[in-house]
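In: here's my sequence, what's the structure:
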Amino acid sequence: MPMPRPMSSTKLRAMRRALVAGAVLFAATGWSAPAASAPGAAAPAPTTPSTLCVPAGTLRGDGGQRASVSLCATDGTPTLSVSAPATCELPGADGPFTCLTSGRWTARQNGRAVATGLLPGGRDYPGPGTYDITATVHVRSTPAGVDLRGGVHATLTLSAPKPEPTHRVEVDGGPLRPGTTTTLRYRVARDSEKGDDSARFGLIGEEGVGMKPATSDARCGNPLPGRHPSTARTPHVLDCALTGLQPGRPTTVTVRVSLKGTCGTVVSKLGYWIPQGQSLYTGGMLAGPTVGCG
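Out: Below is the predicted model of the structure:
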C-alpha cells in the first residue's frame, strides 16, 4: 500500500488561514463554546426509609435464662416507630432463639420526653437528632422457658428530616365549661400539592362525662358502631367526611360541645389519603388541637 504524501507547507498555511477566519466568524456571530457547568450543591437525594437497631440491655433470670434486647427505630418515615427485638437463651436448650417482646417506650431529647408509646408502636416523628430511648419490656420465649421483665436503654441518632406537613387543623373557641355549650370552629386546610381533596375529620369527647358534640353540618354525623340492625350511635364522637380540600381552599366545621357537671376534653383527628399509583398504604393521620376544660 502506498504511503500518504506529507502535506505541503503551502497547504498547511492555507489551512491555518481558514481556521483563523472561521474563529473570527464564529466570534462575530455571537457563538461561543458551551460554558462549563458551575459547581453547586447537588439536589438532596430522597430519604430511603430504614431501621436503626442498637443493643439495649440483657435481662437475666434466676435459672440462667437470658434475653438480649435491642431497641430499633425507623428513620425516614412520617412516624417514629420503636420495637424491641430480642434473642433468648435457656440452659440446656438449643439457642439462642427468638422471643416475643411487649411493653412501653419513651424517647427523650435533651432530657425532655418527645414521644412515648407501646412496643411495638409509633408516634409522629419529632425530627432528626439524638434520642435517648428507654423501655420497660416483657420478654417471653416460644417454646416456654424464658419469661423476664425489666428495663433497657439505648441512644440512637436519626438523620432524616422531618416531613413537611401536608394538612393542618386549627380551632377557634374554648375552653369548655361545665353546664354550658361551647361553640368551636375548626379550620381544616390542605397545604400540599400531594394527595387529593378528601379527608375524614373526627372529634372525640371523653366518654362517660355526658359530653355531646353536635353540628348542623351535613358532612358530619355520630358514628354507628353496632351490628345491623342496631341504630345506636356514639354520642360523644363526630365523624365528618370532607371533600373539596385544595391548597388555598380550606374548609370550616362548626361544632357545639355541651357539658354537664363534669369537666372533659375533646380531641380532633384528620385522616387523609395521598395516592401513589396503586400502592395500598399511602394514607396519614394528623393529630389536631385538643380543647380542654376551664
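In: from now on I want contacts and neighbour counts done on CA atoms only, so please keep to that.
Out: Fine.
In: leaving out the residues flanking it, which one is nearest to the most centrally placed residue in the chain?
Out: Centroid-nearest residue in the chain: Pro78, 1.3 Å away (criterion: C-alpha atoms, centre = their mean). Using C-alpha to C-alpha, 6 or more residues apart in numbering and skipping the chain neighbours, the partner closest in space to Pro78 is Tyr125 (5.7 Å).
In: what about the one you found, neighbour count?
Out: Using other C-alpha atoms under 10 Å, Tyr125 is surrounded by 20 other residues.
In: and the next element down the chain from the least confident helix or strand in the chain by mean pLDDT?
Out: Confidence across the helices and strands of the chain bottoms out at helix 9-28, with a mean of 39, counting by mean pLDDT, DSSP states H and E. Going down the chain from helix 9-28, the next helix or strand is strand 50-60, by DSSP states H and E.
In: which strands border that following strand, and is each parallel or antiparallel?
Out: strand 66-75 (antiparallel) (DSSP bridges).
In: so for the strand it pairs with, mean pLDDT?
Out: For strand 66-75, the mean pLDDT works out to 96.
In: quick one on the thing from earlier: in contact with the residue nearest to Pro78, which residues?
Out: With contacts defined as C-alpha atoms under 8 Å, 6 or more residues apart in numbering, Tyr125 is in contact with 77-80, 162.
In: try 7 Å this time
Out: By C-alpha atoms under 7 Å, 6 or more residues apart in numbering, Tyr125 lies in contact with 78-80, 162.
In: which one of these is nearest Val253?
Out: Pro78 (26.3 Å; C-alpha to C-alpha).
In: mind giving me the domain ranges of the protein?
Out: The record's domain split for the chain, according to automatic domain parsing, is 50-158, 167-287.
In: could I get the ones you listed as JSON lines with distance to Gly294?
Out: Converted to JSON lines, those look like this (distance: least, C-alpha to C-alpha, whole Å):
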{"stretch": "domain 50-158", "distance to Gly294": "25"}
{"stretch": "domain 167-287", "distance to Gly294": "6"}
